[in-house]
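A.B. asks: this one's sequence-less:
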């Protein structure tokens, strides 16, 4: 079951590259990062949790910045 979360996160992240909209790409990447965070908690891996928390925050932050018309 744990491996399934990791594989799903990989599939979601890989699928993000098929989105043409930057906003959609960031949303899908944020979703994948959240799956990786869940996987990190499941396997008790602080590096996986930390790295993907950074990715999720960057994806969400850049999505909000793009929505408001600001550039990062």
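C.D. replies: Noted; the coordinates are in hand. If you're wondering where the values come from, they're calculated on a predicted model, not measured in any experiment.
A.B. asks: just for the protein, where's the confidence low?
C.D. replies: 66-72 (pLDDT under 70).
A.B. asks: try 80 this time
C.D. replies: 63-72 (pLDDT under 80).
A.B. asks: quick one, helices of it?
C.D. replies: Along the chain, counting by DSSP state H, helices occupy 2-15, 22-42, 46-67.
A.B. asks: tell me the buried residues in the longest one?
C.D. replies: Read it as helix 46-67. Neighbour-count burial for helix 46-67 flags 48-49, 52, 55-56, 59-60, 62-63 (criterion: 16 or more other CB atoms under 10 Å). Bear in mind the C-beta positions are built from the backbone N, C-alpha and C, glycine included.
A.B. asks: quick check, nearest of the residues you listed to residue 39?
C.D. replies: Nearest to residue 39 among the buried residues of helix 46-67 is residue 48, at 6.5 Å by CB to CB.
A.B. asks: separation between residue 58 and residue 43?
C.D. replies: For residue 58, the distance to residue 43 (CB to CB, to the nearest Å) stands at 23 Å.
A.B. asks: if I pick the residue nearest to residue 10 when sequence neighbours are not counted, what's in contact with it?
C.D. replies: In this structure, residue 10 finds its nearest non-sequential neighbour in residue 32, 7.9 Å apart by CB to CB, 6 or more residues apart in numbering. Contacts for residue 32 (CB atoms under 8 Å, 6 or more residues apart in numbering) come out as 9-10, 12-13, 16.
A.B. asks: likewise for residue 29?
C.D. replies: With CB under 8 Å, 6+ apart, residue 29 has these contacts: 13, 16, 55, 59.
A.B. asks: can you count the residues close to the first one?
C.D. replies: Neighbouring residues of residue 13 were enumerated by other CB atoms under 10 Å; the total is 18.
A.B. asks: ok, and what's touching stretch 51-69?
C.D. replies: 22-23, 26-27, 29-30, 33-34, 36-37, 40, 71-72.
A.B. asks: among these, which one lies nearest to residue 5?
C.D. replies: Checking the contacts of stretch 51-69 one by one against residue 5 (CB to CB), the nearest turns out to be residue 36, at 8.4 Å.
A.B. asks: thank you, goodbye.
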